[in-house]
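J.: my questions are about this predicted structure, shown below with the sequence.
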Amino acid sequence: MPSSRRTADPAATLAAVRAVAHWLHDATEPTPDRSAIAAAVRLTARTLAGLAPGASVEVRIPPFAAVQCVSGPRHTRGTPPNVVETDPRTWLLLATGLLALPDAASNGSLLLSGSRAGEVAALLPLVKIE
């Protein structure tokens, strides 16, 4: 069965996140290869989209991923009304539960815009690592 770009295999997602876990636990560790970070970001973003199908909120993790999620009104043109945007490391910290969404928003590493953007918090964490 061909894999969809919209779904992520849970085992592959966990493996991808574990491959960068040392960096998530300790920012002074060497930064993982770009491809390892990209895989972890893309798979966790797809996991989020699979858990909350819809197009009311756009989650952006440049340069690796952007997904739409959360059911409700769909936007079709221009800037979406509800956006969550962050860097890859912050996203992975959020996706693993090592950082809470309100903390990331208050420290400036996460941009939330729109009345529904914060709904993503209820879907996190996506993957648990040790």
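T.: Received it, and whenever you're ready, just let me know what you need.
J.: G118 against L112, yeah?
T.: Yes. Shown here, G118 and L112 form a contact pair, counting by C-beta atoms under 8 Å, at 5.8 Å. Backbone N, C-alpha and C define where each C-beta goes, glycine included.
J.: give me the common contacts of these two.
T.: Jointly contacting G118 and L112 under the rule C-beta atoms under 8 Å, 6 or more residues apart in numbering are L101.
J.: more neighbours: these two, which one.
T.: The neighbour comparison of G118 against L112 (other C-beta atoms under 10 Å) goes to L112, with 21 against 15.
J.: in a strand, the more buried one, correct?
T.: Yes. Counting by DSSP: H, G, I helix; E, B strand; the rest coil, L112 is part of a strand.
J.: host element of the closest residue in space to it that isn't next to it in sequence?
T.: Excluding its sequence neighbours, the residue lying closest to L112 (C-beta to C-beta, 6 or more residues apart in numbering) is A105, at 5.4 Å. Assigned by DSSP states H and E, A105 falls within helix 101-106.
J.: right, I'll call it a day here.
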